[in-house]
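Colleague: here is a sequence together with a model predicted from it:
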Amino acid sequence: MKVKVTSEKKNPLLKRREVYFRIEHEQLERTPPRLDVRKAIATELKTSEDFVFVKKVQTKTGTRTAVGVANVYESIEQAKLIEPEYIIKRNIPPEKKEEEGKE
């Protein structure tokens, strides 16, 4: 899975970077999982996975290319203030969801 950042826009008011990306997923027959995309974007941007929130990933019809949008925040607190709760839940790994449910 190859990730390429197509454009990046800084938003100082919300303390985040809005990243548009393209993924070539030749070895997978389907759209890559959101958590794998999140990890790949964090690696590409040299930041922590915890600060990356993937909003949308969509494979173009008939191709093995997906495009999407992600927000990269300066802190987790800032992300929790701005991102909708459903986006935050989609970007949490399953083992962390179980820990939060127990508390």
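Modeller: Great, that's in hand.
Colleague: longest single helix anywhere in the protein?
Modeller: With secondary structure taken from DSSP state H, the chain has its longest helix at helix 34-45.
Colleague: quick one: strands adjacent to whichever helix or strand comes after that helix?
Modeller: Sequence-wise, the next helix or strand downstream of helix 34-45 (DSSP states H and E) is strand 52-59. Strands that pair with strand 52-59, judged by DSSP bridges, come out as strand 65-73 (antiparallel).
Colleague: ok, Val3 touching Ala40?
Modeller: Yes: when contacts are counted by CB atoms under 8 Å, Val3 is listed as touching Ala40 (4.4 Å). Where C-beta positions appear, they are placed from N, C-alpha and C, glycine not excepted.
Colleague: so where is this structure shaky, pLDDT-wise?
Modeller: Across the chain, the ranges flagged by pLDDT under 70 are 96-103.
Colleague: change it to 80
Modeller: The chain contains residues with pLDDT under 80 at 28, 95-103.
Colleague: go ahead and flag the most central residue of it.
Modeller: Central residue of the chain (CA atoms, centre = their mean): Val54, 2.5 Å from the mean position.
Colleague: show me the contacts for that one.
Modeller: Contacts of Val54 were listed using CB atoms under 8 Å, 6 or more residues apart in numbering, and they are Arg34, Val37, Arg38, Ile41, Gly68, Val69, Ala70, Arg90, Asn91.
Colleague: one step back: neighbour-wise, which of Val3 and Ala40 wins?
Modeller: Neighbour totals were compared for Val3 and Ala40, and Val3 leads with 22 against 19 (other CB atoms under 10 Å).
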